[in-house]
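*Asks:* kindly generate the corresponding structure for this input.
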Amino acid sequence: MSDPHRSSPAVGLWEFDSIAEGISIADAIAKNAPVAMITTGTTQPGKYLVLVAGDTASVSVALDVVSDADADTLIDSVFLPDIDPAVANAVVTGSLASPSTAEAAGIVETSSVSAAIEGADAAVKDADVNLAVLRLADGLGGKAFFVVDGSIGEVSSSVAAAEERCGTRLVGSTVIPQLTDEIRADLASSSLFRVTLTGNQGSP
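*Replies:* So this is what the prediction gives:
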């Protein structure tokens, strides 16, 4: 579980089924919301993602911009004004907890990027676990998954919290005792959703 006293930006993410509409709304956000960071890009299968981070007030303005646009092609979204620092770091900078040999690993797979971010936030807030892997969209057909590790009891509680938060967007989940070093290493080296974020230098 992350230190609750560490500061963290608010984060908003919107997934569109139309690249054209996604670009239009991203431009409106950039023109009207004083967010510290805005990153956009396409993902499989032909979706357009808009990610913003900054203080709660500025990200709330971006939320209003999207709401006012009344987009017909909005697939999913998440707005986390109190996002856990570990999740914020993973989303904004790609930074994750150091690899460990924890007692158990929990894997949660979702149908959207927004659901994975929301589920990961619920997971690390619920229990004393580390966010070890967060893979978003690229190479996954638009799906996403994350991995948490810790004791079996804490991981089980964490995964249950994520399942509840994701609801119908949950594709699958499992808790694996003593995940092998080989599989853990493969998971840690396959975080592909840095393609559109490689230009970012640090968190806002």
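*Asks:* mind giving me the domain ranges of the chain?
*Replies:* Here the domain assignment for the chain is 10-80, 85-188, based on automatic domain parsing.
*Asks:* can I get those in CSV with mean pLDDT?
*Replies:* What follows is those, written out as CSV (pLDDT from 0 to 100):
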stretch, mean pLDDT
domain 10-80, 93
domain 85-188, 89
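*Asks:* need those in JSON lines with mean neighbour count, can you?
*Replies:* The C-beta positions use only the backbone N, C-alpha and C, and glycine is treated the same way. Compiled in JSON lines, these are given as follows (neighbours: other C-beta atoms under 10 Å):
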{"stretch": "domain 10-80", "mean neighbour count": "19"}
{"stretch": "domain 85-188", "mean neighbour count": "20"}
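*Asks:* ok, and the closest non-adjacent residue to the residue nearest to the spatial centre of the chain?
*Replies:* Using C-alpha atoms, centre = their mean, the residue of the chain that lies closest to the mean C-alpha position is residue 117, 2.7 Å off. Sequence neighbours aside, residue 78 is the residue nearest to residue 117 in space, at 5.3 Å (criterion: C-beta to C-beta, 6 or more residues apart in numbering).
*Asks:* just residue 28 next, same as before
*Replies:* residue 65 (5.2 Å).
*Asks:* contacts for the one helix or strand that neighbour maps to next, please.
*Replies:* Secondary-structure assignment from DSSP states H and E places residue 65 in helix 56-69. With contact meaning C-beta atoms under 8 Å, 6 or more residues apart in numbering, helix 56-69 is reached by 9-12, 14, 21, 24-25, 28-29, 32-36, 38, 52-53, 74, 77, 79, 81.
*Asks:* what do you get if the cut-off is 7 Å, keeping everything else the same?
*Replies:* 10-12, 14, 25, 28-29, 32-35, 52, 79, 81 (C-beta atoms under 7 Å, 6 or more residues apart in numbering).
*Asks:* that older thread, looks to me like the residue nearest to residue 117 is in a strand.
*Replies:* Yes: counting by DSSP: H, G, I helix; E, B strand; the rest coil, residue 78 is part of a strand.
*Asks:* related to what we said a few turns ago, wasn't the residue nearest to the centre of the chain part of a helix?
*Replies:* Yes: the assignment for residue 117 by three-state DSSP puts it in a helix.
*Asks:* can you name the residues that contact it?
*Replies:* 13, 78, 87, 91.
*Asks:* likewise for residue 147?
*Replies:* 105, 106, 107, 132, 133, 187.
*Asks:* show me what the closest residue to the last one other than its chain neighbours is bridged to.
*Replies:* Looking back up the chat, that one is residue 187. Spatial nearest neighbour of residue 187, chain neighbours left out: residue 133 (4.8 Å); criterion: C-beta to C-beta, 6+ apart. When bridges are called by DSSP bridges, residue 133 pairs up with residue 147.
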